[in-house]
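A.B. asks: Quick check, what structure comes out for this input:
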Amino acid sequence: MTNEQPDRPIPQYDRSTNEQDRFLDHCQRNQILITVYLDSGRALQGKIVDHDRKCILLGATRQEKIPKLIPKSYVSLVRAEEILPLFLEYKGRGNYITRKKARKAKQKAAKATQPKERKTRQVNEPMILKSPKAPGKPQTPVEVVMKKAPRSRSTVPKTKPSPPSDS
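C.D. replies: Numbering: from 1, shown residues only. Here you go, the predicted model:
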């Protein structure tokens, strides 16, 4: 993602955008000096000239030097030399998991302050059902009584089988 129009307004980003591209765009737009650490341990300093999905074009600190093309697969760390105001809107908000835990704790506290209403019904208590209205007939309630059925016992014999005989 390159920015060919530097004077256009900066769009508002949400967290679903690629943070790496956002960081590199900001460093490129504002000509921020960065240090790129490679997997080999070597550190390169410069300003970002351009970047894409697979590589970074790192310009040298002096004008007469040629920019270096660095594949992103070789990069282990990119660090800006100054503090960037880029991600300050996220500061203190945490990530998705911490926000979800806080939301659940808030809901749990709200439930704890409400009085609990439990609707219980005895098993042998009659339940009255109303039949659907039929035209021309008065509606009469129907009483249904539900009783607990005893559990059926398994029919496994309690005697042990006799050992096989040697005949």
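
A.B. asks: pLDDT on the helix or strand encompassing residue 107, on average?
C.D. replies: Residue 107 is part of helix 96-113 when elements are defined by DSSP states H and E. Helix 96-113 shows a mean pLDDT of 85.

A.B. asks: Could you do stretch 69-78 as well?
C.D. replies: For stretch 69-78, mean pLDDT rounds to 93.

A.B. asks: Check the separation of the first and last residues in that stretch.
C.D. replies: Across stretch 69-78, the terminal residues are separated by 14 Å (Cα to Cα, to the nearest Å).

A.B. asks: Any buried residues in it, and which?
C.D. replies: For stretch 69-78, a neighbour-count test (16 or more other Cβ atoms under 10 Å) marks 70, 75, 78 as buried. Where C-beta positions appear, they are placed from N, C-alpha and C, glycine not excepted.

A.B. asks: can I get these in CSV with secondary structure and distance to residue 20?
C.D. replies: Formatted as CSV, those follow (DSSP: H, G, I helix; E, B strand; the rest coil; distance: Cβ to Cβ, whole Å):
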residue, secondary structure, distance to residue 20
70, strand, 14
75, strand, 10
78, strand, 8
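
A.B. asks: what would those look like in CSV with distance to residue 48?
C.D. replies: CSV is the format used below for the buried residues of stretch 69-78 (distance: Cβ to Cβ, whole Å):
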residue, distance to residue 48
70, 10
75, 12
78, 9
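
A.B. asks: Quick one: neighbours of the residue nearest to residue 71 when sequence neighbours are not counted, just the number.
C.D. replies: Leaving aside its sequence neighbours, residue 71 sits nearest to residue 55 (Cβ to Cβ, 6 or more residues apart in numbering; 5.0 Å). Neighbour count for residue 55, taken as other Cβ atoms under 10 Å: 16.

A.B. asks: So residue 55 versus residue 102, what's the distance?
C.D. replies: For residue 55, the distance to residue 102 (Cβ to Cβ, to the nearest Å) stands at 40 Å.
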